[in-house]
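pasting the structure only:
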């Protein structure tokens, strides 16, 4: 066949190439933009055929190393340490592990002023929310305050997000409450329940820190946004309905979390509804929702919704104090112990029948709180154009929870609502967390008796206001519009959480998301390409009207890696394309097809089954006097074809760098030898 | 910016395009090969910029329909029925469901002669193997013969492979024996065991037929070749070791299937070893292995290994008859009932404590036997250049097992070893299966008493010879050489089967295979592209030495769909590429980077998380005065970018058809407005 002379070294490695070509290309250094471009523009296209290279040869160890470094260190965390002195490396190392060393030297009075304002603002939100979320986890309210004191302090030393406001959050509280309450009741076995809560917190911390330490942070990526939208909406619905207990004043309420038992609890105890509670609860709920709407519409008025919970707590407490003789039905928080967090490391529970439950609860709350914390940190980092190191954040959050579990705290993370307030209030560094912790400290030491008459209904109203913001129906509509399968994952997690259970709902949604990936792999797209006249561009015939078929060629692009899971399908699908093309040619009295070109640009990987398929296809087409040609196989595919000795069977004229060169070279060979 | 005039309708659908361009392209019809090519060759390249099209608009229903037809009907099974008369459609339909109608009209005496020869050959193999494999499944030997009679007859009506020899196979027998024996012992509860075996067979058939009927045949693709190599080797080792029971004459033997209990059974009962059995067994084993080697080396002598088992059975039976007074220790098969398969539909077991076991066993043996049957059918079909419809074969195999379970047969499928003999003996159609069934019929009716003195050791020797062929160490070496992760899947299934259990070993191996797909998706390749001077080709800089960087541009190719599972990684990885490029430029005193081009050719799909990532990346680079440009997004990606309104934010100069056009157009715009 009339091949060009430079096709001899068709399968050369870059080394061999470099030797073969004496004058190495000058590189971009010597030319500037315009020169390069005009050189391209002036160039005559030719039938010159370029070699398809194998990637530079590497040993298995080198490959493994590169692979592992992409898996575990994609962000190249050590790049800052390169070419530094010994002392500088130490400083950088300290800064790496304790971000406080990074910003502390440059900390100024001006920054402090912003941080004090924002810290006090989030404290006014954190105190009522802390008490409410602890109730959500079926824990004593004081635990919520404890959890707003120690973890923020630790985070202010270890954390790298400047805007994250740390403390208990609704989702993790809710999940912990549900999972523990289904086995152990707080009212019946309060000590065991507390032990399990601290132990779960400890395991959540261990799990989070080890994900970060082992650089397995990508695990949380499997909770896709679609899944989380559905999950949070489902959880918000359940939580809001559960708050009807407080808002309606019901005494006997289910500890289950599914929609049906919760609704039946509400309507089977209508005799327990207390009208005084309902009037007051609904009133404050309307007030809180109204302030939320104001802040949503005018972001500058963020302080309205930030101050509203504390204002409601104060107001409702005063109301109850004034009216306590007239409305005896309203339940209040009651006595809260004064003083700092007591140590709780002696309450960790490492053996016994409920250990598995504690570990499971820890892992699920750990992964959920991690997802929220990392997502919130990334969101605000993107707004202020700095980067948050996911794995480092995981270690910070994990260590903070481990420490928390030894000082009477339950699971904490960065809260979305409080972080948003923190950001809007002008927080500059993590010092705002420390200021918040100090405010909580003052509360713990001196103000606890003031909560004696705070009614439970206000906690319910605060929780409902907080979780209603989690129902992001607009995101769900967008999912439906853009990606039906993402919407399905969202719907599955929503319904799963609502009707089955939190962990199972999440598992189903993750399953749907993974199934979606597998489906794309199992049934990849194959498209027929045509030439855009006057160019070397080959594009999808059904998408580009101006693309035309090249006679005697069938050009197919395979749009997925070729794996065991799709090799049979691709084999049959490609044969079907050929059959359909031949039928079309026959029915239109066209000349026969002579060559099938597979555009491998998007075949980003291949396994042994895929290689067998390519080989079988080649043999099968050979028997039918059809030539099979590969265009532009990527490096790893080329390598595997070479290693399995398939490349030799394709020969020199079987692999081309571009579809255009393949068409040009093969047609000119046909012309030379008709 | 100096955009070309035809950029105005940048994002036009094909319809709009067709209207905009009055003279439609002439199409390939009017030109012949050489003209097209020389036209391409003479064409001046220009800075002309081509539109990026949206795919033709389709409704959700149309999309769903297309998707479903790709998932379930990739082979377009109805294409033969198109444009046919009513009568012809009926005939084709009959032929479709009963392939017998396809070949029967053309059946000739010549074909029959070949089929008789091959049918008798496989019968001589099927009878001793049938008896042996039934022992492997802990079933009475007669069940093995029953299973070699009814299923082949049914297959000869329904099956579409011409070379498949149907009957019991080692893997399925072994798995059924293992799974049932771990719960129910044949020696203690023979009736229950038989009931469970038939029920499992029935469910295997139902499962297989429904996979075929629901066109879910791709499920078996998830058992990749790598997994099967490991699985079969592991099973072969276990089975061979278990046959030491027969070969050494041990009476007390474990019913477990793991390596350790089997080995301990062998060595803890050394007092039961019988030297007469050992001498005779090893003698015949060596004979059988030798004949196997002969046939392997010289395929024309296939009949040597095909005839050897029957010859050994006859010889060993004669030996035992002659020596029975002198060697009383040798165990023989004993009495076998004469006569045809008794009906067993009354033994199917649809309720009770072991139903779940029967269903599980049925599904696992069903999927394994299906995998073997389909793979064998495809292998020989490829050799003779005809196609086997996987889904139709599944229905045939499934119906044959359902019928089998009602006539005292256990799980059957196409056996690799017997099919190879069948092929070599010159089988032309499925009639050879019918001939084989007839031979088995004669045996069942008249020859059963002859097996009375057949020693068990010969069955052990036959099984060992058969399964040793399943250890494909060369395939394992090739896996190691070509794909380390495939080798890992292979190793996992090997060790899993050997040390844990058959279903768990398989599950682990499938898990590893799926993990491999997910890993590729989670950590996709990103490469920096450079221009090959004098062309519009942009290729991997590290692979192509002659590719050069384009100043002021960073061109990145993303080699995977962008999903929730990799969007965070890609976001960070792209930022790292930019950071590294900027550091390199700064340290080498080069001009700044101004534009990042993402080559999206290999991004074959995107989900909502991916879209958010692209959008965020664009915003983030915008803040750093870097332009983000997409090159060649595929149809579905373009569609989603459009639906989510991201395309507008990229604007006219944000999406190009090729990298070359992007570089050319943007640089000339810079030149125009410096």
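That came through fine. The shown structure was predicted, so the numbers you read here are calculated from the model rather than taken from an experiment. Numbers count the residues shown, from 1 in each chain, chains lettered A, B, ... in the order given.

what's the pLDDT at the residue positioned nearest the centre of chain A?
By C-alpha atoms, centre = their mean, chain A has its centre lying nearest to residue A:221, at 3.4 Å. With respect to pLDDT, residue A:221 scores 81.

my read: it touches residue B:572, true?
No: the pair formed by residue A:221 and residue B:572 falls short of the contact definition of C-beta atoms under 8 Å, at 11.1 Å. Where C-beta positions appear, they are placed from N, C-alpha and C, glycine not excepted.

nearest residue to residue A:467 in space, please, no chain neighbours.
Excluding its sequence neighbours, the residue lying closest to residue A:467 (C-beta to C-beta, 6 or more residues apart in numbering or on different chains) is residue A:236, at 4.1 Å.

sticking with the one you found, tell me its helix or strand.
helix A:225-242 (DSSP states H and E).

circling back: show me what contacts the residue nearest to residue A:467?
A:467, A:468, A:470, A:471 (C-beta atoms under 8 Å, 6 or more residues apart in numbering or on different chains).

what's downstream of the helix or strand encompassing the first one, the next helix or strand?
To tie it back to what came earlier, the one meant is residue A:467. Using DSSP H and E, residue A:467 sits within helix A:456-468. Sequence-wise, the next helix or strand downstream of helix A:456-468 (DSSP H and E) is helix A:473-482.

got a list of contacts for the helix or strand just after that following helix?
The helix or strand immediately downstream of helix A:473-482 is helix A:484-495, counting by DSSP H and E. Here helix A:484-495 makes contact (C-beta under 8 Å, 6+ apart) with A:224, A:226-231, A:233-234, A:476, A:479-480, A:505-506, A:508-509, A:512-513, A:516, A:519, B:60, B:64, B:607-608.

strands of the stretch 251-400 of chain A, start to end?
Listed in chain order, the stretch 251-400 of chain A contains no strands at all (DSSP state E, counting those that start in this stretch).

number of nearby residues for the closest residue to chain B within it?
Nearest residue of the stretch 251-400 of chain A to chain B, counting by C-beta to the nearest C-beta: residue A:385, 5.6 Å away. Residue A:385: 10 surrounding residues under other C-beta atoms under 10 Å in any protein chain shown.

cool, and residue A:62?
With other C-beta under 10 Å as criterion, residue A:62 counts 11.

is the helix or strand harbouring it anywhere near chain B?
Using DSSP H and E, residue A:62 sits within helix A:60-72. Yes: if you take C-beta under 8 Å from any C-beta of the partner chain as the test, helix A:60-72 does meet chain B, through A:60, A:64, A:70, A:71.

by neighbour count, which of those wins?
That'd be residue A:70 among the residues of helix A:60-72 next to chain B, by other C-beta under 10 Å, with 17 neighbours.

my read: that one touches residue B:523, true?
Yes: Residue A:70 is within contact range of residue B:523, at 5.2 Å (criterion: C-beta under 8 Å).

list the contacts of residue A:316.
A:280, A:284, A:454, A:455, A:457, A:458.

repeat that for 10 Å
With contacts defined as C-beta atoms under 10 Å, 6 or more residues apart in numbering or on different chains, residue A:316 is in contact with A:280-281, A:283-284, A:287, A:330, A:332, A:453-459, A:461.

what's the answer for residue A:481, then?
Contacts of residue A:481 (C-beta under 10 Å, 6+ apart): A:487, B:608, B:640, B:643, B:644, B:645.

ok, now how distant is it from residue B:330?
For residue A:481, the distance to residue B:330 equals 77 Å [C-beta to C-beta, to the nearest Å].

what do you get for residue A:281?
88 Å.

lowest mean pLDDT among the helices and strands, pick that one out for chain A.
Ranked by mean pLDDT, DSSP states H and E, the helix or strand of chain A with the weakest confidence is helix A:33-42, at a mean of 34.

mind checking pLDDT for the residue of the stretch 551-674 of chain A found nearest chain B?
The nearest approach of the stretch 551-674 of chain A to chain B comes at residue A:564, 3.2 Å away (C-beta to the nearest C-beta). Turning to residue A:564, the model gives it a pLDDT of 87.

residues contacting the nearest residue to it once chain neighbours are set aside?
Of all residues not flanking residue A:564 in the chain, residue B:224 sits nearest, at 3.2 Å (C-beta to C-beta, 6+ apart). Residue B:224 makes contact with A:563-565, A:567, A:607-609, B:230, B:486, B:489-490, B:493, B:509-510, B:512-514, B:516 under the criterion C-beta under 10 Å, 6+ apart.

cool, residue A:331 as well?
A:246, A:249, A:251, A:274, A:277, A:320, A:455, A:456, A:457.

helix, strand or coil for residue A:629?
Here residue A:629 is strand, with the state taken from DSSP: H, G, I helix; E, B strand; the rest coil.

was I right to think it contacts residue A:657?
No: between residue A:629 and residue A:657 there is no contact under C-beta atoms under 10 Å: 11.5 Å.

mean confidence score for stretch A:349-369?
91.

re earlier: format the residues of helix A:60-72 next to chain B as CSV; extra columns: pLDDT.
Output for those, formatted as CSV (pLDDT from 0 to 100):
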residue, pLDDT
A:60, 81
A:64, 84
A:70, 82
A:71, 80
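
how about the residues of the stretch 351-500 of chain A near chain B?
A:374-375, A:378-379, A:382-383, A:385, A:387, A:389-390, A:475, A:478-487, A:489-490 (C-beta under 10 Å from any C-beta of the partner chain).

drop anything exposed from the residues you listed.
A:374-375, A:378-379, A:382, A:387, A:389-390, A:475, A:478-479, A:482-483, A:485-487, A:489-490 (16 or more other C-beta atoms under 10 Å in any protein chain shown).

where along the stretch 101-250 of chain A do the helices fall?
A:109-136, A:141-147, A:150-158, A:170-181, A:190-213, A:225-242, A:244-248 (DSSP state H, counting those that start in this stretch).

just put those helices in CSV and tack on mean pLDDT.
Listed next are the helices of the stretch 101-250 of chain A as CSV, based on pLDDT from 0 to 100:
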stretch, mean pLDDT
helix A:109-136, 89
helix A:141-147, 93
helix A:150-158, 93
helix A:170-181, 88
helix A:190-213, 94
helix A:225-242, 86
helix A:244-248, 83
